[in-house]
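1. Can you look at this prediction? I've put the sequence above it.
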There are 2 protein chains.
Amino acid sequence: MTADASDGFLVVKLGGGADIDATPLLAELAALEQPWVLVHGGNEELSELQRRLGQEPRFVTSPSGHQSRVTDAATIAAIQMSYRGRINNDLVLRLQRLGCNAIGLSGIDGGLWRATRKEAIRIVEEGRKVLLRDDHTGTIHTVNADLLRLLTAAGYRCVVTLPALADSGEALNVDGDRAAAAVAAALGAEELVILSNVPGLLRDVDDPASLIATIPRDRLADFEPLAKGRFRKKLLGVREALDGGVRRVVLADARAEHPLEAARSGRGTVIQ
Amino acid sequence: MTADASDGFLVVKLGGGADIDATPLLAELAALEQPWVLVHGGNEELSELQRRLGQEPRFVTSPSGHQSRVTDAATIAAIQMSYRGRINNDLVLRLQRLGCNAIGLSGIDGGLWRATRKEAIRIVEEGRKVLLRDDHTGTIHTVNADLLRLLTAAGYRCVVTLPALADSGEALNVDGDRAAAAVAAALGAEELVILSNVPGLLRDVDDPASLIATIPRDRLADFEPLAKGRFRKKLLGVREALDGGVRRVVLADARAEHPLEAARSGRGTVIQ
């Protein structure tokens, strides 16, 4: 925790899958000298909270086959409660217990994630292409890296999550992997590690042994057709991070015994 | 927003009563040159969320007649969701919309509110005094004023809420008025304004015209018997703020058209 913020940052994205336990990652982060920023998801807890509140989570499919969550005003409130309230505060608490002076931020705090709201989303409904309007989703265009540097240089470690801040003033749902990529690019991070409940990019999604170990950055496009479902957004995040100047991105398994060490030593899919 | 953090701080506590609309206060704060910290409650929204989650809020009465919320682990989770998640994030969002670069913090973030957990609470149940154990409540002993100064000096304005961080590592419920007093004392604030859904300290709780306009600080003890219910904690907060070096405390009505201006011009109960 003594490194100063002029050192290269490590940015870690932790997915919000049901079978992910943050404990081993938090222990690794708390012991790390290098400055880091943790970006976290919370999809599973959000859906669970929505069900407890009597709001059945709704998902739609894009013409390209990507599934995404319908985000109405009630969903934004549930995102504030689950991601910003419960999950973020709990991760910060657990890091504090480990002796790490963590601080939680949403994309709204200090204008950390400024985003453009999507006017409409193209979806496929009963086989027909339609436009979904009034969705509270968007894309980050600017990260307040100064705020992350200020806090990190003062010895704090930032734990960051949804929602983002629209230019038009609303709270927005944004993709977590792309948000982590935007943070990594804005900080000029050395490395972005994206941890989820899959071991990396697989040639055959049902066969963990088909893991693709390395992708040269100039061949990323060749591998994009292999990405299914939510992995498409991950590869989009990878591309955005690399285009933003991040040297190395690793897609790896959050469920490993030492997920960060495993990812950084190359267990997963390394793109550089 | 151009004042630097060497100016005297104003600390404002906004209560969480059902009939309080934060809009006029937020407009006043966003326009203020003097550096400020806003501490907010959320009792009513917390109770509402608990009911939606099927957790009936429970309150107990102390031998001295003070009502307090029973805070089990599920209540802490609901506090994280409502105070830290929904209410805090929404206040920050609304300030951002007003052009104020607000940032939300809980007492856990950066160890802002370090607290001692109460081992047991004396309560009265069916006329008998009993001890309530395993309650997640406590008392703040240290405020990380450096974090508030760091952010304020960089142009941010801090919006602060529950939970606090126990020395033993848990998230704790603490009294909001006393928390605001602790913040004001730690910052050496010039003034603490405590806004709630009452006009100030009343001689007769049912008669707003019986408002006590001023209390000299050395006569505070004479007025303490007038305080009923939650107002006892407010007066305890007043005492702690004054003992901590705050020059002036005002108890005033959050429901005024310009609540901050009204309070600072003396409409309410002024203790100095």
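-> Alright, I've got the coordinates. Numbers count the residues shown, from 1 in each chain, chains lettered A, B, ... in the order given.
2. for chain A, what helix or strand is lowest in average pLDDT?
-> Across the helices and strands of chain A, mean pLDDT, DSSP states H and E gives its lowest value to strand A:67-69, namely a mean of 86.
3. got the contact list for it?
-> A:43, A:46, A:57-62, A:75, A:121, A:137, A:173, A:229-230 (Cβ atoms under 8 Å, 6 or more residues apart in numbering or on different chains). Backbone N, C-alpha and C define where each C-beta goes, glycine included.
4. and those residues, which are buried?
-> A:Asn43, A:Leu46, A:Val60, A:Thr75, A:Ile121, A:Thr137, A:Asn173, A:Arg230 (16 or more other Cβ atoms under 10 Å in any protein chain shown).
5. Where does the prediction get shaky in the stretch 151-272 of chain A?
-> Along the stretch 151-272 of chain A, the model assigns pLDDT under 70 to no residue.
6. residues from it in reach of chain B?
-> Within the stretch 151-272 of chain A, the residues that sit near chain B (Cβ under 8 Å from any Cβ of the partner chain) are A:Leu151, A:Ala154, A:Tyr156, A:Pro163, A:Leu165, A:Gly169, A:Glu170, A:Ala171.
7. quick one: the strands in the stretch 1-150 of chain A?
-> Using DSSP state E, counting those that start in this stretch, the strands of the stretch 1-150 of chain A run over A:10-14, A:36-40, A:59-61, A:67-69, A:102-106, A:113-117, A:120-125, A:128-133, A:138-143.
8. Paired strands for the fourth one, with orientation please.
-> The one in question is strand A:67-69. Using DSSP bridges, strand A:67-69 pairs in its sheet with strand A:59-61 (antiparallel).
9. next one: the second one
-> On the basis of DSSP bridges, the sheet neighbours of strand A:36-40 come out as strand A:10-14 (parallel), strand A:157-161 (parallel).
10. one step back: among the contacts of strand A:67-69, which are in helices?
-> For these, the ones inside helices are A:Asn43, A:Leu46, A:Thr75, with DSSP state H as the criterion.
11. where's the first one relative to A:Gln55, distance?
-> Using Cβ to Cβ, to the nearest Å, one gets 15 Å for the distance from A:Asn43 to A:Gln55.
12. Next: A:Gly85.
-> From A:Gly85 to A:Gln55 the distance is 16 Å (Cβ to Cβ).
13. Tell me how many other residues crowd A:Glu28.
-> By other Cβ atoms under 10 Å in any protein chain shown, 18 other residues sit near A:Glu28.
14. In space, what's closest to it - neighbours in sequence excluded?
-> Nearest residue to A:Glu28, sequence neighbours excluded (Cβ to Cβ, 6 or more residues apart in numbering or on different chains): A:Leu260, at 4.2 Å.
15. which among the contacts of strand A:67-69 gets closest to A:Arg203?
-> Of all those, A:Arg203 sits closest to A:Gly229, with 15.3 Å by Cβ to Cβ.
16. how close does the residue nearest to the closest one when sequence neighbours are not counted sit to chain B?
-> In space, and not counting its chain neighbours, A:Gly229 is closest to A:Gln67: 6.2 Å by Cβ to Cβ, 6+ apart. The spacing between A:Gln67 and chain B, counted by Cβ to the nearest Cβ, to the nearest Å, is 25 Å.
17. go on, A:Ile103?
-> With distances taken as Cβ to the nearest Cβ, A:Ile103 is found 4 Å from chain B.
18. Looking at the stretch 1-150 of chain A, which residue is nearest chain B?
-> A:Gly85 (2.0 Å; Cβ to the nearest Cβ).
19. how near is A:Ala252 to A:Ser62?
-> 26 Å.
20. cool, and A:Thr75?
-> Going from A:Thr75 to A:Ser62 by Cβ to Cβ gives 18 Å.
21. now do A:Arg97
-> 41 Å.
22. what do you get for A:Thr214?
-> 29 Å.
23. mind listing what A:Glu54 touches?
-> Not Glu; residue A:54 is Gly. Counting by Cβ under 8 Å, 6+ apart, A:Gly54 touches B:Arg52.
24. Can you pull the phi/psi pair for it?
-> Main-chain dihedrals, A:Gly54, degrees, to the nearest 10: phi 80, psi 20.
25. Which of the three states applies to whichever residue of the stretch 151-272 of chain A sits closest to chain B?
-> Nearest residue of the stretch 151-272 of chain A to chain B: A:Gly169, at 4.2 Å (Cβ to the nearest Cβ). Under DSSP: H, G, I helix; E, B strand; the rest coil, the three-state class of A:Gly169 is coil.
26. What is the neighbour count of it?
-> Using other Cβ under 10 Å, A:Gly169 has 12 other residues around it.
27. Which pLDDT value belongs to the closest residue to it other than its chain neighbours?
-> Closest residue in space to A:Gly169, ignoring its immediate chain neighbours: B:Arg97 at 4.2 Å, by Cβ to Cβ, 6+ apart. Per-residue pLDDT puts B:Arg97 at 98.
28. Around the closest residue to A:Leu147 other than its chain neighbours, count how many other residues there are.
-> Leaving aside its sequence neighbours, A:Leu147 sits nearest to A:Gly110 (Cβ to Cβ, 6+ apart; 4.4 Å). By the criterion of other Cβ under 10 Å, A:Gly110 has 26 neighbours.
29. Can you check the pLDDT for A:Gly110?
-> A:Gly110 is given a pLDDT of 98.
30. ditto for A:Asp4
-> A:Asp4 is given a pLDDT of 44.
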